[in-house]
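Asker: One predicted model, sequence on top.
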Amino acid sequence: MKRIILPAVLLVAAATPFIANAAAPAAKTMSLDAVEKRAAALGVRAHEIEVKGAAVKVEGRDAQNREVELLIDRRTGEVLDRRFDD
């Protein structure tokens, strides 16, 4: 029976991506207060904010008093989706 011995360098190189991901700091996310201010800047008075992972769902009313839902990326403040409730 033949045994193959891998050098330690190859083992470390193979494990490095996993180690790097585990030690990487989490991306900064907006606080709920910052999300509410972002919604206000978009003309939406927030009534409810729900965290959904890296995004938040904001329910509120716009300047025309229509019910609106925003999906905002907590890292960038970008509006991912905007829906009006009928």
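Answerer: Perfect, thanks for sending it.

Asker: So what sits opposite the nearest residue to residue 47 once chain neighbours are set aside in the bridge?
Answerer: Using Cβ to Cβ, 6 or more residues apart in numbering and skipping residues adjacent in sequence, the residue nearest residue 47 is residue 60, 4.8 Å away. For glycine as for every other residue, the C-beta is placed from the backbone atoms N, C-alpha and C. On the basis of DSSP bridges, residue 60 is bridged to residue 46, residue 68.

Asker: now the helices for the protein?
Answerer: 8-23, 32-41 (DSSP state H).

Asker: can you pull the contacts of the residue nearest to residue 47?
Answerer: 39, 44-48, 67-68, 70 (Cβ atoms under 8 Å, 6 or more residues apart in numbering).

Asker: and the two most separated of those?
Answerer: The most widely separated members of those are 39 and 67, with 13.2 Å between them, by Cβ to Cβ.

Asker: Show me which of the two is the more surrounded one.
Answerer: residue 39 (23 against 14; other Cβ atoms under 10 Å).

Asker: Isn't residue 61 up against residue 67?
Answerer: Yes. Look at residue 61 against residue 67 with Cβ atoms under 8 Å: they come within range, at 6.1 Å.

Asker: ok, back up a step: could you dump the contacts of residue 60 to TSV with distance to residue 31 and pLDDT?
Answerer: What follows is those, written out as TSV (distance: Cβ to Cβ, whole Å; pLDDT from 0 to 100):
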residue	distance to residue 31	pLDDT
39	13	96
44	17	97
45	18	97
46	13	97
47	18	96
48	16	97
67	24	97
68	21	97
70	16	97
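
Asker: List just the nearest of those residues to residue 84.
Answerer: residue 68 (5.4 Å).

Asker: how many neighbours does the residue nearest to residue 34 when sequence neighbours are not counted have?
Answerer: Once flanking residues are discounted, residue 34 sits nearest to residue 77: 7.8 Å by Cβ to Cβ, 6+ apart. For residue 77, the neighbour count with other Cβ under 10 Å is 15.
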